[in-house]
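**Q** pasted the sequence and its predicted model underneath.
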Amino acid sequence: MTMLLPSPQSPLQLAVIIPVLNESANIAPLLARLEAALAGIVWEALIVDDDSPDGTGDVTRRLARADPRVRIVQRIGRRGLSSAVIEGMMASAAPLLAVIDGDMQHDEAVLPQMLAALVDDGHDLAVGTRYSDGGSTGDWDASREKMSRFATALSRRLLKAEMSDPMSGFFMVRREAMMAALPNLSSIGFKILMDLVASSPTRLKIAEIPYTFRNRIHGESKFDARVAQEFAILLLEKTFGRFLPVRFLMFAMVGSLGLLVHLAILGGGISAGLAFKLAQTLAVIVAMTGNFFLNNVLTFRDMRLRGGRLWRGLLSFYAVGAIGAVGNVGVGNLVFKMQHVWWLAGLAGVAVGVVWNYAASSLFTWRVRK
Ligand code: GDD
Ligand code: MN
């Protein structure tokens with residue numbers, strides 16, 4: 001007897017990874033649509049919920065008890081679309097991995113086309129695209145549309161990716177291609193597809209499947225300033241990350257800003273009649289404190305200090321800075337004695353100070369692991 005239709009004993013073909021944050025009203029209708037779209041395919045769905053306050057986890061568990069193809073990964077105390085997708089993929093053994101938004105904006109009806117592109121046509125990756133023939137962005141407003149097109153053009157240039165919609169959050173990939181890219185993934189922010197293509201050691205064979213982006217009916221978009229910021233960091237990391245860690249670049253940028261603040265306060269204080277010593281002290285305190293808070297929300301945003309730890313962190317940042325200043329002056333002095341070029345000596349001192357401050361505050365103030 002030949003088996004044409006897969007039975008429950010047939011091997012698992014496809015995992016559909018669904019990252020969700022406050023999508024409680026969307027889970028049931030989305031799963032119903034998946035079930036219809038994936039008839040004849042052996043699939044499972046992994047709903048990766050970041051402990052949504054709206055009870056998405058409970059809704060999912062209720063559905064999962066009734067259908068063993070439905071599984072949940074609930075992460076506690078963590079956020080991030082890309083990392084959610086990666087963890088969903090790692091929680092499944094399926095040879096093909098699809099990613100789809102949990103808000104029904106992506107058209108699940110094209111999933112079988114994606115599967116055919118991988119299985120029948122030998123592509124590594126099939127991308128649901130809104131910008132090629134037959135695709136559309138639905139009723140996005142002009143500014144969101146413009147922003148998305150700008151980001152698309154930018155990433156296309158930087159990543160040399162031949163995709164018409166590298167921002168897409170809707171795609172299917174072979175497990176081997178995903179595993180090969182895994183060690184290089186940045187997994188920051190929103191753009192898992194771009195990250196995957198940029199991090200792949202080989203050139204992926206990519207198919208594009210057009211679809212129309214639907215409007216959201218339940219819940220709201222999580223696209224906000226934070227996402228835009230994370231996107232900028234991902235681009236930076238993929239462009240310069242090979243040479244210098246992006247965290248260090250950000251730390252140095254915040255430091256340069258602190259220098260400007262310092263000079264402004266010093267100059268202002270002196271012209272207001274303060275003694276140099278007083279104006280300088282004031283400038284150091286304001287610049288250091290400002291730098292601490294900026295670093296806390298930007299450079300070390302993923303291990304941001306809050307509450308009591310914030311004030312302890314500030315004190316340790318002052319201490320690190322004081323030692324850094326001693327090192328800065330010491331090294332500058334040494335170089336000046338050897339070379340007698342004041343700006344070279346100054347730069348050498350600053351370089352030592354920045355590297356020390358970065359390393360020591362990573363270790364002691366924000367306690368970066370790894
Ligand atoms: N687990 C988890 N953690 N899920 C998240 C998080 C998070 O931090 N942030 C967002 N999600 C989920 C949402 O619940 C939704 O299912 C999906 O990720 C997409 O989020 P939306 O907030 O609906 O994004 P969008 O519709 O504005 O953005 C769309 O366009 C982008 C391109 O501009 C999506 O298709 C994105 O994937 C796409 O990159
Ligand atoms: Mn959406």
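**A** The structure has been received and is ready for your questions. Ligands and ions are numbered 1, 2, ... in the order given.

**Q** just checking, what packs against the helix or strand hosting Leu196?
**A** Take DSSP states H and E as the rule and Leu196 turns out to sit in helix 192-199. Contacts defined by 3 or more Cβ pairs under 8 Å, 6 or more residues apart in numbering; DSSP states H and E place helix 192-199 against helix 81-90, strand 125-129, helix 142-159, helix 175-181, helix 225-240. Any C-beta I mention is one placed from the backbone N, CA and C, and that applies to glycine too.

**Q** can you do 6 Å?
**A** With contacts defined as 3 or more Cβ pairs under 6 Å, 6 or more residues apart in numbering; DSSP states H and E, helix 192-199 has no helix or strand neighbours.

**Q** what does this protein put close to ligand 1?
**A** 19-21, 23, 48-50, 79-81, 84, 101-103, 105, 148, 167, 169, 190, 221-223 (Cβ under 6 Å from any ligand atom).

**Q** burial of the nearest residue to Leu294 once chain neighbours are set aside, as a residue count?
**A** Computed as Cβ to Cβ, 6 or more residues apart in numbering, the closest residue to Leu294 that is not its neighbour in sequence is Val254, at 4.8 Å. For Val254, the count of nearby residues is 19 (other Cβ atoms under 10 Å).

**Q** same check, this time on Leu31
**A** Leu31 has 22 neighbouring residues, counting by other Cβ under 10 Å.

**Q** give me the pLDDT value at it.
**A** At Leu31, the model reports a pLDDT of 98.

**Q** by proximity to ligand 1, which residue of the stretch 51-200 of the chain wins?
**A** Nearest to ligand 1 in the stretch 51-200 of the chain, going by Cβ to the nearest ligand atom, is Gly169, at a distance of 1.9 Å.

**Q** now do the SS call for Gly169.
**A** coil (DSSP: H, G, I helix; E, B strand; the rest coil).

**Q** tally of neighbours for it?
**A** Gly169 has 19 nearby residues by other Cβ under 10 Å.

**Q** spit out the contact partners of it.
**A** By Cβ atoms under 6 Å, 6 or more residues apart in numbering, Gly169 lies in contact with Asp101.

**Q** my guess is the residue nearest to Leu294 meets Asn295, correct?
**A** Yes. With contact defined as Cβ atoms under 6 Å, Val254 counts as touching Asn295 (5.3 Å).

**Q** circling back: check contacts around the residue nearest to Leu294.
**A** Taking Cβ under 6 Å, 6+ apart as the criterion, Val254 is in contact with Asn291, Leu294, Asn295.

**Q** so which of those is the closest to Ala319?
**A** Ala319 lies nearest to Asn291 out of those, by Cβ to Cβ, at 13.9 Å.

**Q** return the distance of that closest one relative to ligand 2.
**A** Per Cβ to the ion, to the nearest Å, Asn291 is found 36 Å from ligand 2.

**Q** just Asn184 next, same as before
**A** 27 Å.

**Q** the residue nearest to Leu294 is in what secondary structure piece?
**A** Here Val254 is assigned to helix 246-271, by DSSP H and E.

**Q** can you pull out the helices in the protein?
**A** Secondary structure of the chain (DSSP state H): helices located at 27-37, 56-66, 81-90, 111-119, 142-159, 175-181, 192-199, 225-240, 246-271, 276-297, 307-339, 342-360.

**Q** which one of the ones you listed is the most hemmed in?
**A** helix 192-199 (a mean of 25; mean count of other Cβ atoms under 10 Å).

**Q** ok so, going back, same for ligand 2: which of the residues of the chain next to ligand 1 are within range?
**A** Applying Cβ under 5 Å from the ion to these, one finds that Asp103, Gln105 fall near ligand 2.

**Q** show the buried residues in the residues of the chain next to ligand 1.
**A** 19-21, 23, 48-50, 80-81, 84, 101-103, 105, 148, 167, 169, 190, 222 (16 or more other Cβ atoms under 10 Å).

**Q** which residue packs closest to Ala64, ignoring adjacent ones?
**A** Nearest to Ala64 is Val70, by Cβ to Cβ, 6+ apart, at 4.2 Å.

**Q** residue ranges of each domain in this protein, please.
**A** Listed domain ranges for the chain are 14-240, 246-365 (source: automatic domain parsing).

**Q** if I look at the residue nearest to Leu294, how far off is Leu244?
**A** 15 Å (Cβ to Cβ, to the nearest Å).

**Q** please apply the same query to Ala279.
**A** 34 Å.

**Q** also Leu334?
**A** Using Cβ to Cβ, Leu334 is found at 25 Å from Leu244.

**Q** do the same with Gly308
**A** To Leu244, Gly308 is 33 Å away according to Cβ to Cβ.

**Q** same thing with Ala322?
**A** Distance, Ala322 to Leu244, by Cβ to Cβ: 25 Å.

**Q** ditto for Asp54
**A** As judged by Cβ to Cβ, Asp54 and Leu244 stand 40 Å apart.

**Q** Phe213 now?
**A** Distance, Phe213 to Leu244, by Cβ to Cβ: 37 Å.

**Q** what pLDDT does the model give the residue lying closest to His106 once chain neighbours are set aside?
**A** Closest residue to His106 apart from its sequence neighbours, by Cβ to Cβ, 6+ apart: Phe170 at 4.2 Å. pLDDT recorded at Phe170 is 97.
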